[in-house]
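no sequence on this one, just coordinates:
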């Protein structure tokens, strides 16, 4: 869980600082004494009560690998993850097809080489037999 927003007035205007600390649901300020949580994607602040996470809010700080996204970002993350999974499947399919094509090419190249070698050997045998008859 992220810590509360710390705003330096020398770098950010008072209006920007006030807007940065407003709840993304109710538009009221999220103060240091409020149970607030920051979305890790859009970095917006939300009251735990506005997001219906009051019961789990107290435990959130205990887990470093826990990530929280607001509803809008969560929907976007879900769509993005689904798209990534589809792209990963397509990449795997393309890699399999490329490997198959590569193997088919190598087989065809080897087959051509072997046929050329066979024809060369046939010619040598034929030439050798022809010389032996003379």
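Happy to help now that I have it. All figures in this text were calculated on a predicted structure; none of them were measured in a lab. Residues are numbered from 1 along each chain as shown.

any idea how far residue 50 is from the spatially most central residue of the chain?
Nearest to the mean C-alpha position of the chain, by Cα atoms, centre = their mean, lies residue 84 at 5.2 Å. Distance, residue 84 to residue 50, by Cβ to Cβ, to the nearest Å: 30 Å. All C-beta atoms are positioned from the backbone trio N, CA, C, and that covers glycine.

And for residue 91?
40 Å.

Compare the two (neighbour count), which wins?
For the pair residue 91 and residue 50, the greater number of neighbours falls to residue 50 (19 against 10), based on other Cβ atoms under 10 Å.

Next, the more buried one: secondary structure please.
State at residue 50, reduced to three classes by DSSP: H, G, I helix; E, B strand; the rest coil: coil.

In this protein, mark out all the strands, start to finish.
36-38, 45-47 (DSSP state E).

who does the first one touch, helix- and strand-wise?
Judged by 3 or more Cβ pairs under 8 Å, 6 or more residues apart in numbering; DSSP states H and E, the packing partners of strand 36-38 are strand 45-47.

What is the neighbour count of residue 23?
Residue 23: 19 neighbours (other Cβ under 10 Å).

contacting residues around it?
29-30, 36, 45-47, 50 (Cβ atoms under 8 Å, 6 or more residues apart in numbering).

hmm, try it at 6 Å
Residue 23 makes contact with 30, 46-47, 50, according to Cβ atoms under 6 Å, 6 or more residues apart in numbering.

again with residue 67
residue 40.

Show the model's pLDDT score for it.
The model reports residue 67 with a pLDDT of 82.

That one and residue 113, how far apart?
Noted for residue 67: a distance of 56 Å to residue 113, by Cβ to Cβ.

and what of residue 28?
78 Å.

same check, this time on residue 63
For residue 63, the distance to residue 113 - Cβ to Cβ - is 61 Å.

average pLDDT for the helix ranked longest in the chain?
The longest helix of the chain (DSSP state H) is helix 71-133. When pLDDT is averaged over helix 71-133, the result is 94.
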